[in-house]
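Student: sharing a model that was predicted from the sequence below.
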Amino acid sequence: MWLLAALIGAAAVACDRGSPAPSAPPPPFGGDFTLTNQDNARFRLADVRGRPVLLFFGYTSCPDMCPVTMSRITGAIGRLGRAGSEVVTLFVSVDPQRDTPAVLKEYVGSFTTPVIGLTGSYDEIMRVAAAYKASFEVVPTGTRNYLVNHTSAIFLIDRAGKLRQYFKFDEKPEVIAAGLRTVLDEKMGASAQ
Amino acid sequence: MIAAVQWTIVLLASLSAAAPARTSADQLIVRDAWVRESTAVRTTSGGYCTIENRTGTPVKLLQVRVDGVGDTQIHTMVERNGQVSMQPLPGVEIPARGVVTLAPGGTHLMLMDIATPLRAGTSVTMTLRFDNNQTRQVRAAVRPLSATSVR
């Protein structure tokens, strides 16, 4: 687990140097998963195969970082022109207790960029977090509200559903856009599932 | 946590001081205050502002209160091994002749236990208390969830 954390850290540092790493080996994790979307319907990552995906973990009561991450994603997608409409943005809640489908629906509806909000049982969320080497922990605040510290990375998944790279949450939108362009330029091969 | 009565006395005293304050109104300026909207379910939100200290002495922001918000804390974000956590700060120093902006993605105000949802397009009173016994009261614009600045 610590080795993987170190790998994540190393990859994050590589992103800091400003060069997107489309040619670097993709992270050896990620994968398909099933959760519940804001319409209370089951959603599988495989449902959006054929389109690039940006995925990040967060929660609707997140006061600052999650709205900021969404604005960076909006900025990145905005740089792509018409091709931006192919990108699917997934918001995976690390607070399934409060983030019901109805709560997600209100939240994602606040952004001009289309985003699919995902929740589920605690076990389901844990499984997705584990698959993406993401972590989260509840932090009491001494008030009725609690906070959730969570992995801040933005994950880039290609048209075949494969995790290709991830970005620090404060990565420049143009760097995220460059990563998106790389996967957008890839066509689905005849042999792709 | 200052009791409501003590807090009111401090506020009234600073507002009604007959002698010139150590820092006059144009020496410590709070502007561009804004908060993000909240809902009946999302009772936590973020708040931001710019503080300009035109005096020759550093000034420390100690506490912020927002009307209708149960608890407002100053938080900064700390990233460790790819996980970001919020860390409460006991205050924020505004350097002499300096400007500090609490902005999205950085040190910001965390509003918790918001009693009545903050609706975009309205404004709410924000009171900032500094370590030189100065307080500033400003109107903070309520902006949509997707907002990244005051405009």
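Tutor: Sure, I can see it.
Student: show me which positions of stretch B:25-45 end up buried.
Tutor: For stretch B:25-45, the buried set under the neighbour-count rule, 16 or more other Cβ atoms under 10 Å in any protein chain shown, comprises B:27-28, B:30, B:32-39, B:42-45. Just so you know, the C-beta spots here come from the backbone N, C-alpha and C atoms, and that holds for glycine as well.
Student: check residue 78 and give its pLDDT.
Tutor: In the absence of a named chain, this looks at chain A. Here, the pLDDT recorded for A:Gly78 equals 96.
Student: please go with chain B instead
Tutor: For B:Val78, the model assigns a pLDDT of 87.
Student: could you tell me how many residues sit around it?
Tutor: Applying other Cβ atoms under 10 Å in any protein chain shown, we find 11 other residues in the vicinity of B:Val78.
Student: buried residues in stretch A:158-169, which are they?
Tutor: For stretch A:158-169, a neighbour-count test (16+ other Cβ under 10 Å) marks A:158-169 as buried.
Student: quick revisit: just the buried residues of stretch B:25-45: which are in helices?
Tutor: Within the buried residues of stretch B:25-45, no residue falls in helices by DSSP state H.
Student: which residue ranges of chain B form strands?
Tutor: Ranges of strands in chain B, per DSSP state E, are B:28-36, B:45-53, B:59-66, B:69-80, B:83-88, B:92-94, B:98-102, B:108-114, B:123-130, B:135-143.
Student: the second one vs chain A: in contact?
Tutor: Right, strand B:45-53. Yes. Under the criterion of Cβ under 8 Å from any Cβ of the partner chain, chain A is reached by strand B:45-53 at B:45-46.
Student: from the buried residues of stretch A:158-169, which land in strands?
Tutor: Counted as lying in strands by DSSP E, out of the buried residues of stretch A:158-169, are A:163-167.
Student: chain B: which of the residues you listed is nearest?
Tutor: For chain B, the closest of those turns out to be A:Tyr166, at 8.4 Å, with distances computed as Cβ to the nearest Cβ.
Student: and A:Val87, how far from chain B?
Tutor: 17 Å (Cβ to the nearest Cβ, to the nearest Å).
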